[in-house]
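Peer 1: build me a structure from this.
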Amino acid sequence: MVFAQVRDSPLSVDECFAAVLLPDVGGIALFVGAVRNHDDDRRVTDLAYEAHPRSVAEIERVAAEVAAAGSVRAIAVTHRVGHLRVGELAVVVAVGAAHRAEAFAACRRLIDDIKAQVPIWKHQIFEDGSAEWVGAC
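Peer 2: Have a look, this model is predicted:
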């Protein structure tokens, strides 16, 4: 089972947790990405995410590949788009597996693969007024 969503409203850890809490799941791993106030030595004030129309389909594809590699029972991914401030959640990933080791490994692979393969871009705005685009893939 895969739940994938890209949206412009606030994200919920509880929503993703509930989506993977199934009777045959013994281990759940979560990753929560929040907007931080710096990038290297530069102060970030806020940022904006933009996503390609195929981003949800790409998340589903990546999630299916991760699930096929082990005893993963369920995956939930929500990614935010639009304007975000420091401290807001940008991405929530949850993996439910039969055992904790598989859940941890799949969660790590899932977020890494999403960052590398899904067309979602980040526009960072810095305290000095400068800005830069960071490509997710």
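Peer 1: buried set for the biggest helix by length in the chain?
Peer 2: Taking DSSP state H as the criterion, the chain has its longest helix at helix 100-117. If you call a residue buried by 16 or more other Cβ atoms under 10 Å, then helix 100-117 has these buried ones: 102, 103, 104, 105, 106, 107, 109, 110, 111, 113, 114. C-beta here means a position set from N, CA and C on the backbone, and glycine is covered the same way.
Peer 1: average pLDDT across that helix?
Peer 2: Average pLDDT, helix 100-117: 97.
Peer 1: picking up where we left off before, with distance to residue 32 added, can I get the buried residues of helix 100-117 in CSV?
Peer 2: Below are those laid out as CSV (distance: Cβ to Cβ, whole Å):
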residue, distance to residue 32
102, 20
103, 15
104, 15
105, 18
106, 16
107, 11
109, 17
110, 13
111, 10
113, 17
114, 13
